[in-house]
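S.K.: can't give you the sequence, but here's the structure:
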Ligand code: BES
Ligand code: ZN
Ligand code: ZN
C-alpha cells in the first residue's frame, strides 16, 4: 500500500472513498448514544447530518455507514467509522477504526481511499492528554497497514483485494502540530512494516519455514536495514555447550539455527546498557517423544512467534535508531519424535552448566530459551527480554487478550509498562517468586523441565527460565494466547497477529 500524509481539507480531496471517525459522546450510564464526528470539517458534518440524525448509527467500535455521492464533498463516497464511547477512547480504537475502514473497502473492490485524521474537538482535555496527536497519527497508520494484509497466500482461488493507496488527510491545530503529526505518521509506517514482517514469518507453514529458512529470512532483513547478523548451526551449538537447545533439535532432520542480530548505534557508550531480545523459534512443535494429540497440532507452526516478534522488533529498531545497543537472539529448532530424538528421563547439560532432567519433551521452548538467555549474558547483555509461545497454561489463565508477563525486576517492568500506552498491547503480570522454585526441583539433576504437577504451568515455565537469567533484570513474555487470531475481526484478518513487536520496540526506545 502506498501510504502518504497530506495537509489538506478532506472536503476538497478527490477520492473514491473518504473515511471519517465517529465517537459516541453521550455520558451517563444508560444515556442514548450521541454521535459526534471527529472532524472540524463542516462539509463532512453537513453531508452526514441527515443520516446521523436518524439515530440508526450508534458509533460502536467497528460499525460503519457508507454514503454515496455525499453532497458538498469531492469524495465519491463517505464512510463513517465508529470508534465507540468517548470514555473508552484510546489509541487502540483509532488503530481499529483505521483498520475497519481498510477492511470495509476491500470487498467493494475499491483500491484507494483517504482517511481524515481524527481531530480533537470532540474530546475533552482529559482525553487529549492520554491521546496526543503523535499517537493518533501513528495509531491510524499502524491500524491501516496491519488491516491491509490477508493470509491467503497459499490459496489458488485468492482474490486480489489489495488496497493500493491510502492518503491520510490532516490539518494542524493549536493542539496538533504538523511536525508531531508527521513523526507519528513515519513511526507508524516503520512499526507496522516490522509487525507485518513478523506476521509474514509466523504465517509460514513448518515445511516452508524451517530453522534454516528462518535464519535466511532474518539475515536478508538485517542486510536490508543495516544490522549485523550471524546465523549458526549444529557445530556452534556444540562449541558453546548448548546442550539444552541441542537436545530439542537432535530429533529433527532439519538443523537448528542460532540467529544473532546486532544493532549498535554509533557512539553508544562503553559500559552502557545492552539489551538482549531472545525469541523461541520452534518452527514446528510436535511435542517430540511426548507427542501432542493430533487435533489442532497443525497450529504448532506458530511456535516460532516469539522469534518472529524479536526479528520484527530488530527491524523496527534498525529504522528508529534508538541510542542503545541491542542484541537479538533467536533459538530455532524443530521438535520431532525420532530414533535420535531426546526423551523423557534424559539428562542434558545447559550452556550455563546446569543439568536438566527431561520429564516431558513437549516442554521444549524453555530448553532452547535457557541456552539463548545464558548466551545473551555472555555477549554482554545487561537487560533481557524474551518472548515465547511457551505454555498452554498461559492461554488457560489469560485467554487471548493479554500476554503473560513475568519479571525479576520492578524497574524493568515499569519501563516496559510505560510504553504500553503507546503500543496499545495488553500484558498481565503473573508471579515468579522464589517460593515457586520447589516445583522444578529434581531428584536426578539440578532441575527438571516441567513442574511436579500441572498447577500454575505458565509460572513453572517462567521459574525454569529464571534459573538461567540469574540477577540480570529480565522480562519474560508468554505470548501463546495472543500470537494467533483464530477469527477475523472488523479491523484485522485472522492469522498471525505480530503481538509484542510494538511493545518490545517501545521498551528498547525507553533506554
Ligand atoms: N508450544 C507449546 C505451548 C503452546 C500450547 C502454545 C498451546 C500455544 C498453544 C509448548 O511447547 C508446550 O507444549 N508446552 C507444554 C508444557 C507442558 C508439557 C509442561 C504445555 O503447555 O502443555
Ligand atoms: Zn511443546
Ligand atoms: Zn512449543
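M.R.: Received, thanks. Please read all numbers here as calculations on a predicted model, not as lab measurements. Ligands and ions are numbered 1, 2, ... in the order given.

S.K.: going by proximity to ligand 3, name the top residue of the protein.
M.R.: The nearest approach of the chain to ligand 3 comes at residue 285, 3.8 Å away (CB to the ion). (Each C-beta comes from the backbone N, C-alpha and C, glycine too.)

S.K.: what's the distance between that residue and ligand 2?
M.R.: Residue 285 is 4 Å from ligand 2, where distance means CB to the ion, to the nearest Å.

S.K.: ok, now residue 298?
M.R.: Residue 298 is 14 Å from ligand 2, by CB to the ion.

S.K.: can you check residue 207 too?
M.R.: 18 Å.

S.K.: please apply the same query to residue 30.
M.R.: In terms of CB to the ion, residue 30 sits 48 Å off from ligand 2.

S.K.: quick check, pLDDT for the residue nearest in space to the middle of the chain.
M.R.: Nearest residue to the geometric centre of the chain (CA atoms, centre = their mean): residue 499, 2.1 Å. The model reports residue 499 with a pLDDT of 98.

S.K.: list the contacts for it?
M.R.: 305, 309, 403, 425, 479, 482, 483 (CB atoms under 8 Å, 6 or more residues apart in numbering).

S.K.: residues of stretch 204-222 that come out buried?
M.R.: Neighbour-count burial for stretch 204-222, counted by 16 or more other CB atoms under 10 Å, picks out 204, 206, 209-215, 217-219, 221-222.

S.K.: can that stretch be said to contact ligand 1?
M.R.: No: between stretch 204-222 and ligand 1, judged by CB under 6 Å from any ligand atom, nothing touches; the nearest distance is 12.5 Å.

S.K.: can you tell if that stretch touches ligand 3?
M.R.: No: Stretch 204-222 lies out of reach of ligand 3 by CB under 5 Å from the ion, never closer than 12.0 Å.

S.K.: what does that stretch rub up against?
M.R.: Stretch 204-222 has contacts (CB under 8 Å, 6+ apart) with 154, 197, 201, 227-229, 231, 233, 249, 254-257, 259, 261, 281, 283-284, 300-301, 304, 307, 311, 314-315, 318, 330, 332-334.

S.K.: apply the buried test to these and list what passes.
M.R.: Buried among the contacts of stretch 204-222 (16+ other CB under 10 Å): 197, 201, 227, 229, 231, 233, 249, 254-257, 259, 261, 281, 283-284, 300-301, 304, 307, 311, 314-315, 318, 330, 332-334.

S.K.: just the ones of the residues you listed in helices?
M.R.: Among the buried ones among the contacts of stretch 204-222, the members found in helices (DSSP state H) are 197, 201, 249, 307, 311, 314, 315, 318.

S.K.: for the fifth one, what are its contacts?
M.R.: Read it as residue 311. Residue 311 sits next to 197, 198, 201, 217, 218, 221, 259, 261, 279, 328, 330 when contact means CB under 8 Å, 6+ apart.

S.K.: need the pLDDT of it.
M.R.: Residue 311 carries a pLDDT score of 99 in this model.

S.K.: try the one 10 residues further on
M.R.: Residue-level confidence at residue 321 comes out at 97, pLDDT.

S.K.: who's in contact with it?
M.R.: Neighbouring residues of residue 321 by CB under 8 Å, 6+ apart: residue 265.

S.K.: what's the distance between it and residue 54?
M.R.: Distance of residue 321 to residue 54, given as CB to CB, to the nearest Å: 50 Å.

S.K.: same thing with residue 388?
M.R.: 50 Å.

S.K.: more neighbours: which of these two?
M.R.: The neighbour comparison of residue 388 against residue 54 (other CB atoms under 10 Å) goes to residue 388, with 33 against 8.

S.K.: contacts only, for that one.
M.R.: 279, 280, 306, 365, 366, 369, 476, 477, 478, 479, 480.

S.K.: for residue 223, see how far away the nearest residue to it once chain neighbours are set aside is.
M.R.: Nearest non-adjacent residue to residue 388, counting by CB to CB, 6 or more residues apart in numbering: residue 280, 3.5 Å away. Remark: distance between residue 280 and residue 223 (CB to CB) = 24 Å.

S.K.: quick one: which of these two has more around it?
M.R.: Legend: neighbour count by other CB under 10 Å for residue 280 and residue 223, higher for residue 280 (32 against 11).

S.K.: residue 368 touches residue 281, doesn't it?
M.R.: Yes: assessed by CB atoms under 8 Å, residue 368 is found in contact with residue 281 at 7.4 Å.

S.K.: can you check which residues contact both of the two?
M.R.: With CB under 8 Å, 6+ apart, residue 368 and residue 281 have common neighbours 331, 332, 333.

S.K.: pLDDT and distance to residue 116 for these - can I get that in a markdown table?
M.R.: Listed next are these as a markdown table, based on pLDDT from 0 to 100; distance: CB to CB, whole Å:
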| residue | pLDDT | distance to residue 116 |
| --- | --- | --- |
| 331 | 99 | 45 |
| 332 | 99 | 44 |
| 333 | 99 | 48 |
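
S.K.: of those residues, which is the nearest to residue 191?
M.R.: Using CB to CB, residue 332 comes nearest to residue 191 of these, at 23.8 Å.

S.K.: show me the contacts for the closest one.
M.R.: 211, 214-215, 256-259, 281-283, 304, 307, 368.

S.K.: that older thread, pick out the most distant pair among the buried residues of stretch 204-222.
M.R.: Longest distance between any two of the buried residues of stretch 204-222 is 22.9 Å, between 206 and 222; criterion CB to CB.

S.K.: tell me, how many residues neighbour the residue of the chain closest to ligand 3?
M.R.: Residues lying near residue 285 (other CB under 10 Å) number 26.

S.K.: pretty sure it sits against residue 362.
M.R.: Yes: under the criterion of CB under 8 Å, residue 285 makes contact with residue 362 at 7.3 Å.

S.K.: are there residues contacting both of those two? Which ones?
M.R.: Joint contacts of residue 285 and residue 362 (CB under 8 Å, 6+ apart) are 292, 335.

S.K.: the residue of the chain found nearest ligand 2: helix or strand, and which one exactly?
M.R.: Closest residue of the chain to ligand 2, CB to the ion: residue 362 (3.8 Å). Element membership for residue 362 (DSSP states H and E) is empty, with no helix or strand holding it.

S.K.: nearest residue to it in space, please, no chain neighbours.
M.R.: Closest to residue 362 by CB to CB, 6+ apart is residue 287, at 3.8 Å.

S.K.: show me the strands in the stretch 351-500 of the chain, by range?
M.R.: All strands of the stretch 351-500 of the chain, identified by DSSP state E, counting those that start in this stretch, fall at 355-357, 383-388, 403-407, 427-429, 447-448, 474-478, 484-485, 495-496.

S.K.: quick check: angle from the second one to strand 474-478?
M.R.: Angle, strand 383-388 to strand 474-478, by axes from the mean of the first three to the mean of the last three CA atoms, to 10 degrees: 10 degrees.

S.K.: the residue in the stretch 151-300 of the chain positioned nearest to ligand 1 bridge partners, please.
M.R.: When scored by CB to the nearest ligand atom, the stretch 151-300 of the chain has residue 285 as its residue closest to ligand 1, at 4.6 Å. Beta-bridge partners of residue 285, counted by DSSP bridges, are residue 335.

S.K.: what does residue 21 give?
M.R.: Under DSSP bridges, the beta-bridge partners of residue 21 are residue 81.

S.K.: if we can go back for a sec, filter the contacts of residue 332 down to the ones in strands?
M.R.: The strands, defined by DSSP state E, take in 257, 258, 259, 281, 282, 283 from the contacts of residue 332.

S.K.: do you know how far the first one is from residue 234?
M.R.: Read that as residue 257. In terms of CB to CB, residue 257 sits 10 Å off from residue 234.
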